[in-house]
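K.L.:
3D, please:
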Amino acid sequence: MISLYKALVCAALIYGLINTGLLGFEVGIFAFTAVIFYTLAYVYLRSLWASIIIQITTMFTLSLLKYHHLWTWLKKSGDPVVAPILVIAVAALLTLYYFMYKNYKATETTHEVSFLS
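P.N.:
Predicted coordinates for the structure are as follows:
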């Protein structure tokens with residue numbers, strides 16, 4: 001039997017490769033990472049709504065960056081602005097997942113089946 005994390009990486013890799021072939025390398029990397037984050041949110045919180053809310057938030061943010069030309073502004077402003085924003089965003093994301101994982105471990109139960117009883 002394959003572990004959850006190995007299966008997750010395999011599925012994310014396949015999905016990322018498909019998107020790379022269809023839409024380009026950057027989209028493939030994003031798809032690979034997104035599948036991991038969306039699935040971990042589902043596993044840790046045991047709620048499909050968590051994955052849906054994270055995906056909607058991600059797509060909303062990307063659309064704001066694209067359609068309101070914020071991405072162009074960030075590119076023009078250079079590394080002094082982009083780097084701290086990226087560090088803050090990644091730190092917030094990792095903190096969120098740390099607390100989700102901590103909650104998952106605190107509520108995790110084992111379901112063992114005994115054939116002797």
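
K.L.:
residue nearest the middle of the chain, spatially speaking?
P.N.:
For the chain, the residue lying nearest the average C-alpha position, counting by CA atoms, centre = their mean, turns out to be Phe37 (2.2 Å).

K.L.:
hmm, that residue is touching Leu94, no?
P.N.:
No. Using CB atoms under 8 Å, Phe37 makes no contact with Leu94, being 10.4 Å away. Every residue, glycine included, has its C-beta placed from N, CA and C.

K.L.:
any idea which helix is longest in the protein?
P.N.:
Selection of the longest helix in the chain by residue count, based on DSSP state H, yields helix 79-107.

K.L.:
from the contact counts, what lies against it?
P.N.:
Helix 79-107 sits against helix 25-45, helix 70-77, with contacts defined as 3 or more CB pairs under 8 Å, 6 or more residues apart in numbering; DSSP states H and E.

K.L.:
run the chain-centre distance for it.
P.N.:
With CA atoms, centre = their mean, to the nearest Å as the basis, helix 79-107 stands 11 Å off its chain's centre.

K.L.:
average pLDDT across that helix?
P.N.:
If you average the pLDDT over helix 79-107, you get 78.

K.L.:
residues of that helix that come out buried?
P.N.:
If you call a residue buried by 16 or more other CB atoms under 10 Å, then helix 79-107 has these buried ones: Tyr97, Met100.

K.L.:
ok and it relative to helix 25-45, angle-wise?
P.N.:
Regarding helix 79-107 and helix 25-45, their directions subtend 30 degrees when assessed with axes from the mean of the first three to the mean of the last three CA atoms, to 10 degrees.

K.L.:
give me the buried positions along stretch 54-66.
P.N.:
Residues of stretch 54-66 classed as buried under the neighbour-count rule (16+ other CB under 10 Å) are Ile54.

K.L.:
centre of the chain versus it, how much separation?
P.N.:
How far stretch 54-66 lies from its chain's middle: 13 Å, per CA atoms, centre = their mean.
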